[in-house]
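J.: What shape does this take:
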Amino acid sequence: MATGFEFFERDLRVATAGLEPDEINHQVAAFAKAELARVIAEGLATPNYTRIVNGVADAAEESYRAPGAIVYEFTNWDLVIKAALEELQKRSPRKSGRFASSFIVIVSGRTVVTDFTRIRPDAEIIITNFQPYVRKAEVGMLGVAERVLFAGTARAMANRFRGAFTFTSKFLDVPAGIHSGMPYRLKGRGSHDRISRKSGVLSYPSIIINPVN
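T.: Residues are numbered from 1 along each chain as shown. A predicted model of the protein is given here:
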């Protein structure tokens, strides 16, 4: 069994020495199903997947015949994005809860989405926060240590999904039209503005997520 594009790729081998062909087929099918259940239970893969057995989509594992292959192609954006949002919310300032509920997910730099199951496998995902004080949270001015929010979340997610997705934290310019509250024009020139200001318009700390090809 191996997972497909963007996902947790594994080559799974079953000891087949001395087994009859029918028993080999049975062992491979059982092993594939057990591994599938394990990665879903451990949060490494989503329950949304396509199964391909010996080149036939949606065929049952029990139809496997050696030396074919059992392939699970997971659509993992839903799992990955929700994990990143949960981590960001956990690290957010908690005075009112407004900040933690203001994260947005942008697909390919253009569209805010809330249904993560329909995102193209090859898309680029940006997660940011539309509150105008978001830069203060990232640079340690709202009771959260510096670079713990976005940069810290990116590091945690990169470790969790190593080999499947890359996570980069950057300050980004968000063009008009993405969200009604963005971009915000800065009114002051505090020291934190020097790392987040461009032409008087706020640049937003963000996490950029890409699948590993």
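
J.: What helix or strand is residue 180 located in?
T.: Secondary structure assigned from DSSP states H and E places residue 180 in neither a helix nor a strand.

J.: give me phi/psi at it?
T.: Backbone torsions of residue 180, given as degrees, to the nearest 10, read phi -60, psi -30.

J.: Settle this for me: residue 203 is touching residue 171, isn't it.
T.: Yes - when contacts are counted by CB atoms under 8 Å, residue 203 is listed as touching residue 171 (4.4 Å). All C-beta atoms are positioned from the backbone trio N, CA, C, and that covers glycine.

J.: Comparing those two, which residue is more hemmed in?
T.: residue 203 (22 against 19; other CB atoms under 10 Å).

J.: can you tell me which residues contact the spatially most central residue of the chain?
T.: By CA atoms, centre = their mean, the mean C-alpha position of the chain lies nearest to residue 80, the distance being 2.8 Å. Taking CB atoms under 8 Å, 6 or more residues apart in numbering, we find residue 80 in contact with 125, 157, 161, 165, 209.

J.: Check residue 60 too.
T.: Residue 60 neighbours (CB under 8 Å, 6+ apart): residue 53.

J.: With residue 206 instead?
T.: Counted by CB under 8 Å, 6+ apart, residue 206 has contacts 126-128, 150, 169-172.

J.: quick one: which of the residues you listed sit in strands?
T.: 126-128, 169-172 (DSSP state E).

J.: Having no further points to raise, I will conclude here.
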